[in-house]
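1. 3D model of this:
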Amino acid sequence: MIRPLLTAALCLAASGAFAGKAFVSNERGNTITVVDTDSWEVLTEFDGGNRPRGITLSPDGKLLYVCASDDDTVRVFDTDTYQELYTLPSGPDPELFVLDPEGSPLYIANEDDNLVTVTDTESRKILAEVPVGVEPEGMAISPDEKWVVNTSETTNMAHFISTEDYEIKHNVLVDQRPRYAEYLSDGSRLFVSAEIGGTVSVIDIAEDGTPTLSQKIGFEVPGVLPEWLQPVGVKATQDGSRIFVALGPANRVAVIDGASLEVLDYIMVGQRVWQMAFTPGEEYLVTTNGNSNDITVIDVAAEKAIKSVQVGQQPWGVAITPD
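-> Model (predicted):
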């Protein structure tokens with residue numbers, strides 16, 4: 001059921017009048033909130049299934065994929081009409097996923113069964129199930145599409161899976177409870193956040209894809225207890241000059257220099273910042289703040305928060321339509 005919040009705005013959105021939309025999955029509210037990325041006004045909210053978390057878009061922006069974790073499926077919606085079109089098999093408790101840049105397959109972390117499920121988005125069939133460590137969550141795909149990385153929260157590892165045969169070729173030990181993985185656009189580095197460890201592991205990638213842990217980045221914020229500094233979402237700019245890290249209950253996003261890997265600043269955002277996404281062109285970075293039920297809009301060039309927008313209950317993930 002679609003819940004119109006602004007009738008006129010919804011009609012315009014369906015006709016494609018808006019330049020961009022941010023789709024926010026609300027884990028506790030079981031809804032998806034749609035925000036116009038020009039005006040930063042909420043357009044509508046629609047049912048997203050039970051406990052929607054991971055969220056992403058097809059390369060052309062026409063399809064929205066949502067991990068409905070408690071439904072054990074991936075729900076697929078039309079980004080203009082917000083109608084559910086069909087579901088994809090996902091394995092149990094899908095949490096996060098990554099879509100191949102070509103649009104298929106979809107690589108899905110199944111937290112309960114310690115698997116990565118590989119699903120063809122066109123045939124809507126499972127291609128493979130890859131056993132990984134305990135409590136898999138984070139997913140990333142290398143720019144050359146040769147590797148898929150899964151982070152396993154309890155095993156404390158990043159698993160490098162070959163997309164050719166769906167076999168694990170490398171394992172890299174990181175800090176406690178790794179939650180997210182992010183490649184640089186040139187594929188030379190991978191960043192893995194560790195929520196309990198309080199660090200981001202920097203993994204250098206050789207030309208043949210071999211990963212090597214090179215260093216770990218820690219965080220310190222005056223007046224904030226160390227145990228509140230819990231890195232989760234990570235986003236790197238296209239040119240690699242800045243790495244942004246969501247620090248969970250610290251209510252801040254860390255700004256890291258991509259060359260020196262030094263922490264430059266901390267941006268105050270909403271409560272329990274979780275995941276993030278750039279707008280096209282990287283003018284803005286949008287964060288989901290689970291405890292304040294809002295998103296924060298960060299001006300990337302200024303490295304400052306400029307706006308907060310109320311969304312649904314316990315926002316978890318965010319995906320923004322491409323150009």
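2. Can you give me the pLDDT of I2?
-> Looking at I2, its pLDDT is 46.
3. Over to the one 5 residues further on?
-> Here, the pLDDT recorded for T7 equals 37.
4. and what of the one 10 residues further on?
-> Turning to A17, the model gives it a pLDDT of 41.
5. swap in the one 10 residues further on?
-> Note on E27: pLDDT of 98.
6. contact partners of stretch 207-217?
-> 142, 146-147, 158, 160, 169-170, 172-175, 190, 199-206, 256, 261, 263 (C-beta atoms under 8 Å, 6 or more residues apart in numbering). Placement of C-beta: from N, CA and C, glycine included.
7. Of these, grab the buried ones for PyMOL.
-> Entered in PyMOL, the line below selects the buried ones among the contacts of stretch 207-217, by 16 or more other C-beta atoms under 10 Å:
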select buried, resi 142+147+158+160+170+172+174+175+190+199+200+201+202+203+205+256+261+263
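8. Among the contacts of stretch 207-217, which ones are in strands?
-> Residues of the contacts of stretch 207-217 located in strands (DSSP state E): 147, 158, 160, 169-170, 172-173, 190, 199-205, 256, 263.
9. Next, the distance between the ends of stretch 240-254.
-> Using C-alpha to C-alpha, to the nearest Å, the end-to-end distance of stretch 240-254 comes to 15 Å.
10. Stretch 118-128 now?
-> End-to-end for stretch 118-128, by C-alpha to C-alpha: 5 Å.
11. Just give me the neighbour total for the residue nearest to D78 when sequence neighbours are not counted.
-> Once flanking residues are discounted, D78 sits nearest to L85: 5.8 Å by C-beta to C-beta, 6 or more residues apart in numbering. By other C-beta atoms under 10 Å, 11 other residues sit near L85.
12. Kindly state the pLDDT recorded for L85?
-> L85 is assigned 98 on the pLDDT scale.
13. Which secondary structure element is home to it?
-> Per DSSP states H and E, L85 falls inside strand 84-89.
14. Which strands border the helix or strand just after that strand, and is each parallel or antiparallel?
-> Using DSSP H and E, the next helix or strand after strand 84-89 towards the C-terminus is strand 94-99. Strand 94-99 sits in its sheet next to strand 106-110 (antiparallel), going by DSSP bridges.
15. Low-confidence ranges, this protein, go.
-> Applying pLDDT under 70 to the chain flags residues 1-19.
16. What residues does V66 make contact with?
-> Neighbours of V66 in contact, by C-beta under 8 Å, 6+ apart: S25, I32, G48, G49, P52, G54, I55, V74, R75, V76, F77.
17. 10 Å instead?
-> Applying C-beta atoms under 10 Å, 6 or more residues apart in numbering, we find V66 in contact with 23, 25, 32, 48-49, 52-56, 73-77, 84, 87, 94, 97, 317, 319.
18. Can I get the buried part of these as one PyMOL selection?
-> Those of these that count as buried under 16+ other C-beta under 10 Å are selected in PyMOL with:
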select buried, resi 23+25+32+48+49+52+53+54+55+56+73+74+75+76+77+84+87+94+97+317+319
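19. re earlier: compute the distance between the residue nearest to D78 and E122, please.
-> Here L85 is placed at a distance of 13 Å from E122 (C-beta to C-beta, to the nearest Å).
20. now do V221
-> From V221 to E122 the distance is 46 Å (C-beta to C-beta).
21. These two - which one has more neighbours?
-> Taking other C-beta under 10 Å, V221 and E122 do not tie; V221 has more neighbours (17 against 8).
22. Surely that one touches W228?
-> Yes. V221 sits in contact with W228 when judged by C-beta atoms under 10 Å, with a separation of 8.3 Å.
23. Find the residues that touch each one of the two.
-> Shared contacts of V221 and W228 (C-beta under 10 Å, 6+ apart): L247, A250, N251, R252.
24. Save those residues as TSV, and put in neighbour count and distance to S104 too.
-> Below are the shared contacts of V221 and W228 laid out as TSV (neighbours: other C-beta atoms under 10 Å; distance: C-beta to C-beta, whole Å):
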residue	neighbour count	distance to S104
L247	26	34
A250	25	37
N251	22	37
R252	23	37
